[in-house]
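S.K.: A predicted structure for the sequence below; I have some questions about it.
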Amino acid sequence: MTTVLAPIAGAAIGLAAVPDPVFSQAMVGPGTAIDPLREPVEAVAPIDGTIVKLHPHAYVVVGDDGRGVLVHLGIDTVQLKGEGFRLLAAEGDRVGAGQPVVAWDPAAVEAGGRSPVCPVVALDAVAGSVGEVAEGRVSAGDPLFEWS
């Protein structure tokens, strides 16, 4: 069992509410999404592990058990080419759950016409393996879902 923590504060809204079919239809994997508070924040690691992919707008942390969790900061934010994001860690870094990875401003993303909603996905997980999904308000570091 892996407890995946909220990488940012906001409202847990579920993947179905994400305005992107790749996430809303769980094509990448099961999980949930957070509608962030509209203030500059540091997105944190959702689990203990190693950062295997790190882009300004998204990152993947893989735990010692081989399970990877994707955090995607906003929708279509790859188009920003890193503008408005600041890396606080590097690919290959070992991180603890709750350790800051990327600083960004959801309000600035939204002001630019993009959704700041953040999918948090259990990569390559089978349907039904994610449970106890948080609903409503969450703080960074709160349990977000259980991956069995």
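M.R.: Ah, there it is. Residues are numbered from 1 along each chain as shown.
S.K.: now residue 121: closest residue in space, sequence neighbours ignored.
M.R.: residue 31 (3.9 Å; C-beta to C-beta, 6 or more residues apart in numbering). For the C-beta atoms, the positions are set from N, CA and C on the backbone; glycine is no exception.
S.K.: ok, residue 139 next?
M.R.: Nearest one to residue 139, counting by C-beta to C-beta, 6+ apart, is residue 9 at 4.8 Å.
S.K.: what of residue 58?
M.R.: For residue 58, the spatially nearest residue (C-beta to C-beta, 6+ apart) is residue 72, at 4.5 Å.
S.K.: residues in contact with that neighbour?
M.R.: By C-beta atoms under 8 Å, 6 or more residues apart in numbering, the residues touching residue 72 are 23, 57, 58, 118, 119, 120, 121.
S.K.: please narrow those to those residing in helices.
M.R.: residue 23 (DSSP state H).
S.K.: select from the contacts of residue 72 the one having the most neighbours.
M.R.: Greatest neighbour count in the contacts of residue 72, by other C-beta atoms under 10 Å, goes to residue 118: 29 neighbours.
S.K.: which other residues reach the longest helix along the chain?
M.R.: The longest helix of the chain (DSSP H) is helix 106-111. Helix 106-111 is contacted from outside by 8, 10, 36-41, 73-74, 77, 80, 84, 115-116, using C-beta under 8 Å, 6+ apart.
S.K.: and that helix, how far from the chain's centre?
M.R.: 16 Å (C-alpha atoms, centre = their mean, to the nearest Å).
S.K.: show me what counts as buried in it.
M.R.: 106, 108, 109 (16 or more other C-beta atoms under 10 Å).
S.K.: quick one: which of those residues is nearest to residue 95?
M.R.: Nearest to residue 95 out of these is residue 106 (C-beta to C-beta; 21.3 Å).
S.K.: ok, now how distant is the closest one from residue 48?
M.R.: Residue 106 is 25 Å from residue 48, where distance means C-beta to C-beta, to the nearest Å.
S.K.: for residue 142, give me the pLDDT.
M.R.: Residue 142 carries a pLDDT value of 98.
S.K.: what residues are up against it?
M.R.: Contacts of residue 142 (C-beta under 8 Å, 6+ apart): 5, 6, 134.
S.K.: let's see it at 10 Å
M.R.: By C-beta atoms under 10 Å, 6 or more residues apart in numbering, the residues touching residue 142 are 5, 6, 9, 12, 134.
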